[in-house]
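Asker: Structure of the sequence below:
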Amino acid sequence: MINCTQTAIEELKRLKNNYDLDTSYVRIKIEKGGCKDYVYQLSFAQEIEENDHTISPDLDVTIVIDRTHYEYLENLTIDYIEDLMGGGFQFKNIDIKEHCTCGLSFKLEKL
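Answerer: Okay, the predicted model is just below:
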């Protein structure tokens with residue numbers, strides 16, 4: 001199951017409101033990239049595709065994930081952290097085998 005912290009939910013709501021995206025969904029996927037094979041991608045989508053799995057951690061936020069990616073993301077926790085350098089989403093997944101030193105790319109046990 002994919003989890004979102006309350007801080008991440010509030011930031012997703014703020015972004016949707018700032019960009020007037022009332023009818024959009026949050027799409028999460030993994031893509032080839034980085035120094036350790038894969039990176040997380042978070043974006044807004046206007047439609048739910050036929051092959052999407054949906055999760056609603058809040059009444060105002062619906063997350064969509066292509067079913068082919070879901071098995072690699074099912075133990076994911078999404079958080080939002082602010083520090084002196086700014087803010088950003090953090091992705092924590094217990095299925096990660098190893099990650100790069102910057103923490104942005106990773107390998108998964110299942111792949």
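Asker: Packing partners of the one helix or strand in the chain whose mean pLDDT sits lowest?
Answerer: Ranked by mean pLDDT, DSSP states H and E, the weakest helix or strand in the chain is strand 96-99, scoring a mean of 82. For strand 96-99, the packing partners by 3 or more Cβ pairs under 8 Å, 6 or more residues apart in numbering; DSSP states H and E come out as strand 105-108. Yep, even glycine has a C-beta here, placed from its N, CA and C like the rest.
Asker: can you pull out the helices in this protein?
Answerer: For the chain, the helices defined by DSSP state H occupy 6-18, 67-73.
Asker: What's the separation between the residue of the chain most remote from its centre and His99?
Answerer: In the chain, the residue that sits farthest from the middle, by Cα atoms, centre = their mean, is Leu84; the gap is 22.5 Å. Taking Cβ to Cβ, to the nearest Å as the measure, Leu84 and His99 are separated by 22 Å.
Asker: ok, now which ones touch Ile48?
Answerer: By Cβ atoms under 8 Å, 6 or more residues apart in numbering, Ile48 lies in contact with Tyr25, Thr54, Thr62, Val64.
Asker: Pull the most distant pair out of these.
Answerer: With distances taken as Cβ to Cβ, the most widely separated pair in those is Tyr25 and Thr54, at 7.6 Å.
Asker: so how far is Asp66 from the residue sitting nearest the centre point of the chain?
Answerer: The centroid of the chain falls nearest to Ile28 when counting by Cα atoms, centre = their mean (4.3 Å). Counting by Cβ to Cβ, the separation of Ile28 from Asp66 is 9 Å.
Asker: now Leu73
Answerer: Taken as Cβ to Cβ, the span from Leu73 to Asp66 is 10 Å.
Asker: Counting neighbours, go ahead and name the busier of the two.
Answerer: Set Leu73 next to Asp66 and count neighbours by other Cβ atoms under 10 Å: Leu73 wins out with 23 against 15.
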